[in-house]
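Trainee: Sequence plus predicted model, see below.
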Amino acid sequence: MLETEQTNPFSPDLIDILNGVPHGIALVDQDFRIIMMNRFLEALTGYSGEEASGIYCDQVLHSSFGRNSSVFRQTVETGVSCSAEGDIIGLNRKKIPMRFTVTPIVEPGEGRQAMVLVLEDIAVFQELDRKKELGPAKGLLGHSPKMQEIFELLPVLAHTDSSVLITGETGTGKDLLAEAVHQASKRGKYPFIKVNCGALPESLLESELFGHMRGAFTGAHADKHGMFQLAQGGTIFLTEIGDLPLPLQVKLLTVLDDREFFPLGSQKKVRVDVRLITGTHRNLKQLVQEGKFREDLFFRLNVLRVHLPPLRERVGDVRLLIDHFLQMFATSFKKNVKMLSAPALRLLDSYCYPGNVRELRNIIEYGVNICRGEIIEVEHLPPYVLADVSKASRAIAVTRQSGYIDSGEKLAAQAVSEIPDNVSSWSAIEKTNILAALVQTGGSRTGAAKALGWGRTTLWRKMKEYELA
């Protein structure tokens, strides 16, 4: 009996497996004709699998997601699973919000290709988002584990009045997080005021924050309320708090302790009820040690602390953000740009983004403006993205000329000489990035992977692909 079971393993039909998944699923051929559907999709469309077989998918699925969809085309071109959100008209003739995911598959031995189309009902999730009333938190996008930690912490930050210190590199979205905390809090119906502490000289910044009375200084022709007064009942976000001059640090500490202050030129105190959120890309502990930031103020601000990770550490979020910005700018500029080419996507996937999400947003905005067709190619990306590759190559050359090349750098220097001068070739671009990272880290693969924003396995696979390992 045991021998029979071993020689005849359990092998259910594919359709039985698909019927066990609680989402609508269709198998689609290269021409976007339906091969088979599971029972959930049959119930959703009103067609049986036999009736739908051989029919174009957009003739069966009455949705905003047809065979000419950019997600279908992107999957065919790149061979990578892609997702998008859209609507489908159900049997009751009502729109149902769906997440469409297309995954390419290849039949072993035969080489024939097909695609698996999965439809996931996201109406419940959209309703939950509306109930949370996070408002601008929708601008905070990310599926990476580090961003999920931020999203899980958001309700905790929102249900308290304690001071919050948001740290992170320039362009990571500190202002978005601050406003999301405000909108999700009980203060959400009151003002959210943002002030950049590094944008104004000390004299003007004090007036901007705390206001002034008429005649307090030359040019003060009328009384003026400061931002703390304008934010009454709400939240004030002081970005780049590390640039706040020392005299104003003392006054800010007084406001935090006493909830009141004197406007410039006034002898009457103003009392305020405001929550303070601060942000900085600088190391405040180091500034304290250097005597440039008050230690007591640092402790007062650092009650709740959140660190926004740089984009290079947010695994998988680049593609999500590209899709978001592409759709946003294409709609805003009324352009017919649908997608990025495979080389352009791979280039942006491996770019380090020193300017983080803000830089990626600017890159996509540039590409949508420059592109005259439906597909953004490498030549539609900002020149400095490719110039960065050339700069890395020059850095390798300087290292070689200096005579200080260890074993890891010898490998990089030897291989970089084999790279063609035509940096528009994607393989040359990616290979150069890998080699530059190896040189920068002295041949350390762990360090190179971190610098490139990849996992070690990704770096190892690409090194084998380019015969660097």
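Mentor: That came in fine, so what should we check first? Since the structure is predicted, the reported quantities are computational estimates derived from the model, not experimental observations.

Trainee: can you give me the helices for the stretch 151-300 of the chain?
Mentor: For the stretch 151-300 of the chain, the helices defined by DSSP state H, counting those that start in this stretch cover 174-184, 202-210, 227-230, 246-258, 284-289, 295-301.

Trainee: buried residues in the lengthiest strand in the chain?
Mentor: The longest strand of the chain (DSSP state E) is strand 95-106. Residues 96-102, 104 are the ones in strand 95-106 that count as buried (16 or more other Cβ atoms under 10 Å). All C-beta atoms are positioned from the backbone trio N, CA, C, and that covers glycine.

Trainee: And the next helix or strand past it?
Mentor: strand 113-121 (DSSP states H and E).

Trainee: taking the helices of the stretch 151-300 of the chain together, which one is wrapped up most tightly?
Mentor: Using mean count of other Cβ atoms under 10 Å, the stretch among these with the largest mean neighbour count is helix 174-184, at a mean of 23.

Trainee: Show me what it is packed against.
Mentor: With contacts defined as 3 or more Cβ pairs under 8 Å, 6 or more residues apart in numbering; DSSP states H and E, helix 174-184 has these neighbours: helix 145-158, strand 164-167, strand 192-196, strand 235-239, strand 275-280.

Trainee: Report the buried residues of the second one.
Mentor: Residues 164-167 are the ones in strand 164-167 that count as buried (16+ other Cβ under 10 Å).

Trainee: The closest residue to S144 other than its chain neighbours - how many residues pack around it?
Mentor: Leaving aside its sequence neighbours, S144 sits nearest to R314 (Cβ to Cβ, 6 or more residues apart in numbering; 4.1 Å). By other Cβ atoms under 10 Å, 24 other residues sit near R314.

Trainee: residue contacts, R314?
Mentor: Counting by Cβ atoms under 8 Å, 6 or more residues apart in numbering, R314 touches 142, 144, 146-147.

Trainee: and what of L244?
Mentor: When contacts are counted by Cβ under 8 Å, 6+ apart, L244 touches 197, 205, 238, 252, 293.

Trainee: where's it relative to V156, distance?
Mentor: With distances taken as Cβ to Cβ, to the nearest Å, L244 is found 26 Å from V156.

Trainee: before we move on, what about L468?
Mentor: 45 Å.

Trainee: With M463 instead?
Mentor: According to Cβ to Cβ, M463 stands 42 Å off from V156.

Trainee: Please say which of these two ends up with more neighbours.
Mentor: Between M463 and V156, M463 has the larger neighbour count (other Cβ under 10 Å), namely 20 against 11.

Trainee: quick revisit: what is the longest strand of the chain packed up against?
Mentor: Judged by 3+ Cβ pairs under 8 Å, 6+ apart, strand 95-106 is in contact with helix 70-78, strand 82-89, strand 113-121, helix 123-132.

Trainee: One more pass at 10 Å, please.
Mentor: strand 24-29, helix 70-78, strand 82-89, strand 113-121, helix 123-132 (3 or more Cβ pairs under 10 Å, 6 or more residues apart in numbering; DSSP states H and E).

Trainee: Which of the ones you listed comes out lowest on mean pLDDT?
Mentor: When the helices and strands packed on strand 95-106 are compared by mean pLDDT, helix 123-132 comes last with a mean of 57.

Trainee: Show me which helix or strand of this structure is least confident by mean pLDDT.
Mentor: helix 407-416 (a mean of 42; mean pLDDT, DSSP states H and E).

Trainee: Convert the C-alpha atoms of the helix or strand following that one to PDB, please.
Mentor: For helix 407-416, the following helix or strand on the C-terminal side (DSSP H and E) is helix 426-440. Taking Å, rounded to 0.1, in the frame of the first residue of the first chain, the C-alpha atoms of helix 426-440 are listed here in PDB:
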ATOM      1  CA  TRP A 426      22.200  48.600 -19.300                       C
ATOM      2  CA  SER A 427      24.600  45.800 -18.500                       C
ATOM      3  CA  ALA A 428      27.400  48.400 -18.600                       C
ATOM      4  CA  ILE A 429      25.600  50.700 -16.300                       C
ATOM      5  CA  GLU A 430      24.700  48.000 -13.700                       C
ATOM      6  CA  LYS A 431      28.100  46.400 -13.900                       C
ATOM      7  CA  THR A 432      29.800  49.800 -13.300                       C
ATOM      8  CA  ASN A 433      27.600  50.500 -10.300                       C
ATOM      9  CA  ILE A 434      28.600  47.100  -8.800                       C
ATOM     10  CA  LEU A 435      32.200  47.700  -9.400                       C
ATOM     11  CA  ALA A 436      32.100  51.200  -8.000                       C
ATOM     12  CA  ALA A 437      30.400  49.900  -4.800                       C
ATOM     13  CA  LEU A 438      33.100  47.200  -4.500                       C
ATOM     14  CA  VAL A 439      35.900  49.800  -4.800                       C
ATOM     15  CA  GLN A 440      34.200  52.100  -2.300                       C
END
